[in-house]
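Enquirer: Fold the following.
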Amino acid sequence: MSKLFCFGLGYSALALTADLPDDWVVAGTCTTPEKQAALRDAGIEAHLFHREQPLPAGALAGTTHLLASIPPDDFGDPVLDAHAADLAAIAKGLRWAGYLSTTGVYGDRGGAWVDETADLTPSGTRGWRRVKSEAGWFMLFTESGVPSHIFRVAGIYGPNRSPLDQLRAGTAHRVDKPGQVFSRVHLDDLVAVLRASMDKPNPGRVYNVCDDEPASPAAVTAFAANLLGVPPPPLVPFAEAKLSEVARSFYDDNKRVRNDRIKTELGVSLLYPDYRGGLAALVKESSV
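Expert: Okay, here's the model as predicted:
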């Protein structure tokens, strides 16, 4: 029997669970009783979890595969802080463990390309927290034998979470910052990478998860508007853009992320190697 336990049954984790064969057991965590009830109704063994509320004894029993997508907080990685010893205790039964990190750990490279061998030089506090979390998951592998894999994921888009949805909701904007590019990945391709790694474990390995074409957010939003047949939002100079502190922090980094390793080592062939194909597919799906 195979059992996947997800620390954080959110957007990405639920997409992965939906892609598993029917004979898999799925369990994981959420933060509200309402979501717990909904997940249990869907056949998922859901537990409430946060830093002050660790899992009940035995919740991880029988786990063969584990995914952690909960971000670090001001104090560190909640999963490692609460359950590192428990994960070490089940290490012999684990065939695969994945931690979803971010390409933000590379920091600003002035638009240059980076791969998994690049130094980690994040621009802000959130990026350094991720670096520390990665180190914690690596330590679980080297000291306890937990088969940890690190996935540095670019901006995720997919159903109900893309510039298309922002345009439909009237919340889209276009910031003009010449030369600025971001990498991104379609949700389906993220799932494909995780499934490929689960089928071919290589503990201790790091993978960048992104498509082939870094692009400016303004260009992506303009393309999405064209697909919907609506005018794109006007370009607003970065200095004048009314962005939240978190949104503005994303513009501190300008880099292009290489994804060769997911292709050469995991054999992944991206369904959506660029944002144009990914967004067009989302429009087609929404019209069915």
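Enquirer: how about the helices of the stretch 101-250 of the chain, start to end?
Expert: Assigned by DSSP state H, counting those that start in this stretch, the helices in the stretch 101-250 of the chain fall at 125-144, 163-169, 187-199, 217-228, 245-250.
Enquirer: is it possible to export those helices to TSV including mean pLDDT, distance to residue 77 and mean neighbour count?
Expert: C-betas here are computed from N, CA, C, even on glycine. Listed next are the helices of the stretch 101-250 of the chain as TSV, based on pLDDT from 0 to 100; distance: least, CB to CB, whole Å; neighbours: other CB atoms under 10 Å:
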stretch	mean pLDDT	distance to residue 77	mean neighbour count
helix 125-144	96	4	17
helix 163-169	97	30	17
helix 187-199	98	19	20
helix 217-228	97	29	19
helix 245-250	82	19	12
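Enquirer: Now tabulate the ones you listed in TSV and tack on distance to residue 98.
Expert: Converted to TSV, the helices of the stretch 101-250 of the chain look like this (distance: least, CB to CB, whole Å):
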stretch	distance to residue 98
helix 125-144	9
helix 163-169	27
helix 187-199	6
helix 217-228	27
helix 245-250	24
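Enquirer: give me the element residue 262 is part of.
Expert: Under the criterion of DSSP states H and E, residue 262 resides in helix 260-264.
Enquirer: Can you name the next helix or strand after that helix?
Expert: Defined by DSSP H and E, the subsequent element after helix 260-264 is helix 275-287.
Enquirer: Run through the stretch 151-288 of the chain and note the low-pLDDT ranges.
Expert: 288 (pLDDT under 70).
Enquirer: so residue 140 touches residue 84, yeah?
Expert: Yes. Counting by CB atoms under 8 Å, residue 140 does reach residue 84; the two are 6.4 Å apart.
Enquirer: returning to that earlier point: looking at the helices of the stretch 101-250 of the chain, which is closest to residue 274?
Expert: Proximity to residue 274 (CB to CB) singles out helix 217-228 among the helices of the stretch 101-250 of the chain, at 9.9 Å.
Enquirer: Just the CA coordinates for the closest one, please, in PDB.
Expert: Output in PDB follows, covering the C-alpha atoms of helix 217-228 (Å, rounded to 0.1, in the frame of the first residue of the first chain):
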ATOM      1  CA  PRO A 217       4.400  39.900 -15.900                       C
ATOM      2  CA  ALA A 218       3.200  42.700 -18.000                       C
ATOM      3  CA  ALA A 219       3.700  40.700 -21.200                       C
ATOM      4  CA  VAL A 220       1.900  37.700 -19.700                       C
ATOM      5  CA  THR A 221      -1.100  39.800 -18.600                       C
ATOM      6  CA  ALA A 222      -1.300  41.400 -22.000                       C
ATOM      7  CA  PHE A 223      -1.400  38.000 -23.700                       C
ATOM      8  CA  ALA A 224      -4.100  36.800 -21.300                       C
ATOM      9  CA  ALA A 225      -6.200  39.900 -22.100                       C
ATOM     10  CA  ASN A 226      -5.800  39.200 -25.800                       C
ATOM     11  CA  LEU A 227      -7.100  35.600 -25.200                       C
ATOM     12  CA  LEU A 228     -10.100  36.900 -23.400                       C
END
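Enquirer: now it against helix 275-287, angle please.
Expert: 40 degrees (axes from the mean of the first three to the mean of the last three CA atoms, to 10 degrees).
Enquirer: and helix 217-228, what other elements does it pack with?
Expert: On a contact count with 3 or more CB pairs under 8 Å, 6 or more residues apart in numbering; DSSP states H and E, helix 217-228 meets helix 163-169, strand 174-176, helix 275-287.
Enquirer: got the contact list for that helix?
Expert: For helix 217-228, contacts defined as CB atoms under 8 Å, 6 or more residues apart in numbering pick out 162-164, 166-168, 172-176, 180, 182, 184, 231-233, 235, 275-276, 279-280, 283.
Enquirer: again, only using 7 Å
Expert: For helix 217-228, contacts defined as CB atoms under 7 Å, 6 or more residues apart in numbering pick out 163-164, 167, 172, 174-176, 182, 231-233, 235, 275-276, 279-280, 283.
Enquirer: from the residues you listed, which would you call buried?
Expert: 163, 164, 167, 172, 174, 175, 182, 232, 233, 275, 276, 279 (16 or more other CB atoms under 10 Å).
Enquirer: ok, of those, which one's closest to residue 36?
Expert: Among those, residue 164 lies closest to residue 36 (CB to CB), at 30.2 Å.
Enquirer: need the contact list for that closest one.
Expert: By CB under 7 Å, 6+ apart, the contact set of residue 164 is 224, 228, 279, 282, 283.
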